[in-house]
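Asker: Just the structure for this:
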Amino acid sequence: MAGQHNCVAAGSSLMMSDAPPADAAAGLSDVEIRLGTRVYELRNARSYTLEQLSVETGFTKGYLSKIENSKVIPPIGTLIKIAQALHTDLAELLGTEVLAESTSGICVVRAWAREPSVRGDSSFGYDYIALANKRRRKTMDPFIMVFPSDLSHDVRFEHEGEEFIYILEGQVEFSFVVDGKERQWVLSPGDSIYFDSQTPHRGRGLQAQSRALMVTSQPADSGGDSALGMRPR
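Answerer: Numbers count the residues shown, from 1 in each chain. The predicted model follows:
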C-alpha cells in the first residue's frame, strides 16, 4: 500500500486459504498479481468450485483459472461480475485496505496514494483505475478508463443502472445498439455522455491514450457494487 487513505467504509477481514501456486506473468503490478490471488482466496473461502463460479458468472473454467493465476487480467465488466458472484465488492476483490466505518461517510484517496491501474487483457483492452475502491457498499463506482483503439472481440456491455462518461483526453467513439440498429457518437475532451446502461454499448479510442472519467450507478436494492455485465456478440 502506498501510504494511508482517509476512507470510511464497512467490512471485515476474512480468514483465507493458501494462495494458488505463484505463476504470475512478468511485468504485472502488485495490484494485478493480487487480483488473481484474491479471486482464488474468496472463491475458496465461500467453498465455491471453479465449476460453480463458472455457472454463476457465465465464464469458462479455463478463463477463470487464468485469472486466478494472473495469466490474464479481466476487463472491468468481468471483474465486477465475479465480485457479485462471490457476494463481495470491488474493494475486497482487489484486496484493498478498508478502514473502520465512521459517521462521516466520507472517503478521501489522495492522488499519490491511489492504486496503480489495472490493464485489460488483449481481448478487451480496457485499462482502468478504481477511484473509490476503498469505499464499501456504494451505489456509484467511479473509474478512470483508457479506451483501446482496437478490440479483438465484438463485445458489448450491458448492466442495470445508468452510466456517465466525461472525456479527459483523446477521442472516443461510442457505439450503441438501439432498436436493433447501431448508432455511434465521437466524443472529444470536455464532451460527456449519460445513458441507460442496459443499452448495449462499447467505446473505442480514436487516439492513443484516450481517457475518460466513468461513473456507473445501479439501484440500491440490486446488491453489491455496480455491475458492468458483459455479453460477447
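Asker: roughly how far apart are Ser188 and Glu169?
Answerer: To Glu169, Ser188 is 10 Å away according to CB to CB, to the nearest Å. Heads up, the C-betas are built off the backbone N, CA and C, glycines and all.
Asker: again, but for Ala45
Answerer: For Ala45, the distance to Glu169 - CB to CB - is 39 Å.
Asker: got it, and Phe147?
Answerer: From Phe147 over to Glu169 the distance is 10 Å, taken as CB to CB.
Asker: residues in contact with stretch 190-206?
Answerer: 145-151, 155-167, 170-178, 185-187, 212, 216, 218, 228, 231, 233 (CB atoms under 8 Å, 6 or more residues apart in numbering).
Asker: ok, then the element right after the helix ranked longest in the chain?
Answerer: Secondary structure of the chain per DSSP state H: the longest helix is helix 30-45. Downstream of helix 30-45, the first helix or strand assigned by DSSP states H and E is helix 50-57.
Asker: Who are the packing partners of that next one?
Answerer: With contacts defined as 3 or more CB pairs under 8 Å, 6 or more residues apart in numbering; DSSP states H and E, helix 50-57 has these neighbours: helix 61-68, helix 76-85.
Asker: In JSON lines: those, plus mean neighbour count and mean pLDDT.
Answerer: Formatted as JSON lines, the helices and strands packed on helix 50-57 follow (neighbours: other CB atoms under 10 Å; pLDDT from 0 to 100):
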{"stretch": "helix 61-68", "mean neighbour count": "18", "mean pLDDT": "92"}
{"stretch": "helix 76-85", "mean neighbour count": "23", "mean pLDDT": "78"}
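Asker: got CSV for those helices, with distance to Glu115 too?
Answerer: As requested, the helices and strands packed on helix 50-57 are exported to CSV (distance: least, CB to CB, whole Å):
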stretch, distance to Glu115
helix 61-68, 18
helix 76-85, 13
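Asker: how much space between Asp150 and Phe176?
Answerer: In terms of CB to CB, Asp150 sits 19 Å off from Phe176.
Asker: of those two, who's got more company?
Answerer: Phe176 (17 against 8; other CB atoms under 10 Å).
Asker: tell me which element that one falls in.
Answerer: strand 172-178.
Asker: Give me the residues contacting that strand.
Answerer: Residues contacting strand 172-178 (CB under 8 Å, 6+ apart): 147, 156, 165, 182-187, 193, 195, 199-206, 210, 212.
Asker: now the strands: where do they sit in this structure?
Answerer: 127-130, 140-147, 155-157, 162-169, 172-178, 181-187, 192-196, 201-205, 210-217, 230-232 (DSSP state E).
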